[in-house]
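Visitor: just a sequence and a predicted model for now, questions to come.
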Number of protein chains: 2
Amino acid sequence: MLSTPLPTMDLPRLQQQLTFVLEIDRLKTVLRQTLLTDGSRRENSAEHSWHLAMMAIALAEYAPPGTDLVRAIKQLLIHDLVEIDAGDTFCYDAAGNTDKAAREMQAADRLFGLLPPEQGQELRSLWDEFEARRTPTAQFAAALDRIQPLLHNQQTAGGTWKQHGITRAQVLQRMQPVATGAPQLWPMVLRVIEESVKAGYLCP
Amino acid sequence: MLSTPLPTMDLPRLQQQLTFVLEIDRLKTVLRQTLLTDGSRRENSAEHSWHLAMMAIALAEYAPPGTDLVRAIKQLLIHDLVEIDAGDTFCYDAAGNTDKAAREMQAADRLFGLLPPEQGQELRSLWDEFEARRTPTAQFAAALDRIQPLLHNQQTAGGTWKQHGITRAQVLQRMQPVATGAPQLWPMVLRVIEESVKAGYLCP
């Protein structure tokens, strides 16, 4: 919505930062498959990111040793920004997931490139760490990103699972990052899956 | 959407935390007056909170000395939770603002009370600090909470200002916390206001 697309590098520092702040507003218009817990509508990626940051605070004690909680919160706040350009790819959409990485990489170049260089690089390295899933911090953040839609699907009597005929085996595989990133929460995940199968929310 | 409203204190610790995590999903359904920058719809308080946390990261260097940035981010993530019970009160609504504090205090008791006690108290003290606006941290957080709708109103050709016939003097007064909480951003605020008056977005 900025009236003139000036080359970012020519703008004074604060103007670059404000351009970024205004540009990321678009994440509020990227819709995910997941429904709100009241089933009223699909969730957008900005409010989803807020919810995950709140989960990192509320569930901090289940983070694996070596987790940097502040980095995890920042990663969760920025992890979906690339969807502004690349869109949200449904996790069970095999075709859409083939070129997802390339589309998101380009988006990261553009979006973090709106900021002053050293600041853009700092956020980019947080995003790269999240994507690589190699540190306890990124693994904890990824675990929360899996748990939230699981809980929402249970709360909405199957939500997206029902719509797409998702099976117990698919969800079990999708949830694997929780086993590494938040092992103490794994029994809860298994319980929610079994309860959901029993309730008919999820195909056995 | 939780099926049985059990007394929180009887639930195991993780169940209390998950109850809180699911309950706060309702913040996504609380609408603010502010429009998204593309003018497509009103903003909700969850995505607004995400946006402010992102602003704290992008504009961190303008925080006054003594600011604890991590506390500011946490305050911004939780500052509107009370609206789940108390609703969003339009800042220029004199009547709605008379009992706002009492309504929000009750809401804070209930919502933070869903968590295990020491955790609820920790979040409550963050919220109390934000509300009191006495520390540099809370003053910086409050400044961002004023700047964001200012930018949105400019981007949407007057947005809420036009709808309610808001004047330059009202906005100037509303923006005062920026002068204390992020003095380096004050000239930018003044510039946006003057540009908005000149463009006819704001009554002189």
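Guide: All right, it came through fine. Numbering: from 1, shown residues only, chains lettered A, B, ... in the order given.

Visitor: where's residue A:33, which helix or strand?
Guide: strand A:31-35 (DSSP states H and E).

Visitor: kindly report the same for residue A:114.
Guide: Using DSSP H and E, residue A:114 is not contained in any helix or strand.

Visitor: next, count neighbours for the closest residue in space to it that isn't next to it in sequence.
Guide: Leaving out its chain neighbours, the residue that sits closest to residue A:114 by CB to CB, 6 or more residues apart in numbering or on different chains is residue A:20, at 4.3 Å. In short, each C-beta sits where N, CA and C put it, glycine included. Burial of residue A:20, expressed as a neighbour count using other CB atoms under 10 Å in any protein chain shown, amounts to 25.

Visitor: distance of residue A:20 relative to residue B:85?
Guide: With distances defined as CB to CB, to the nearest Å, the gap from residue A:20 to residue B:85 amounts to 34 Å.

Visitor: please apply the same query to residue A:161.
Guide: Note on residue A:161: its distance to residue B:85, by CB to CB, is 31 Å.

Visitor: one more: residue A:124?
Guide: The gap separating residue A:124 from residue B:85 is 39 Å, by CB to CB.

Visitor: please apply the same query to residue A:148.
Guide: As for residue A:148, its distance to residue B:85 is 22 Å (criterion: CB to CB).

Visitor: next one: residue A:98
Guide: Distance of residue A:98 to residue B:85, given as CB to CB: 45 Å.

Visitor: also residue A:174?
Guide: Residue A:174 sits 34 Å away from residue B:85, taking CB to CB as the criterion.

Visitor: try residue A:193
Guide: In this structure, residue A:193 lies at 32 Å from residue B:85, with CB to CB as the measure.

Visitor: residue A:87 now?
Guide: For residue A:87, the distance to residue B:85 (CB to CB) stands at 35 Å.

Visitor: next: residue A:84.
Guide: Distance of residue A:84 to residue B:85, computed by CB to CB: 32 Å.

Visitor: what about stretch A:30-39, near chain B?
Guide: Yes: applying CB under 8 Å from any CB of the partner chain, one finds stretch A:30-39 in contact with chain B at A:36, A:37, A:38, A:39.

Visitor: go on, stretch A:57-64?
Guide: Yes: judged by CB under 8 Å from any CB, stretch A:57-64 comes into contact with chain B at A:57, A:58, A:59, A:62.

Visitor: ditto for stretch A:158-166
Guide: No: shown here: stretch A:158-166 not in contact with chain B (CB under 8 Å from any CB), separated by at least 11.2 Å.

Visitor: for the record, mean pLDDT for that stretch?
Guide: Throughout stretch A:158-166, pLDDT has a mean value of 93.

Visitor: what sits up against that stretch?
Guide: Residues outside stretch A:158-166 that contact it (CB atoms under 8 Å, 6 or more residues apart in numbering or on different chains) are A:33-35, A:39, A:90, A:92, A:149, A:152-153, A:171, A:196, A:199-203.

Visitor: could you list the buried residues of it?
Guide: For stretch A:158-166, the buried set under the neighbour-count rule, 16 or more other CB atoms under 10 Å in any protein chain shown, comprises A:158, A:159, A:160, A:161, A:166.

Visitor: which strands or helices does the helix ranked longest in chain A pack on?
Guide: When chain A is parsed with DSSP state H, its longest helix is helix A:136-155. In terms of contacts (3 or more CB pairs under 8 Å, 6 or more residues apart in numbering or on different chains; DSSP states H and E), helix A:136-155 is packed against strand A:31-35, helix A:45-58, helix A:69-78, helix A:117-132, helix A:159-164, helix A:176-181, helix A:186-198, helix B:13-23.
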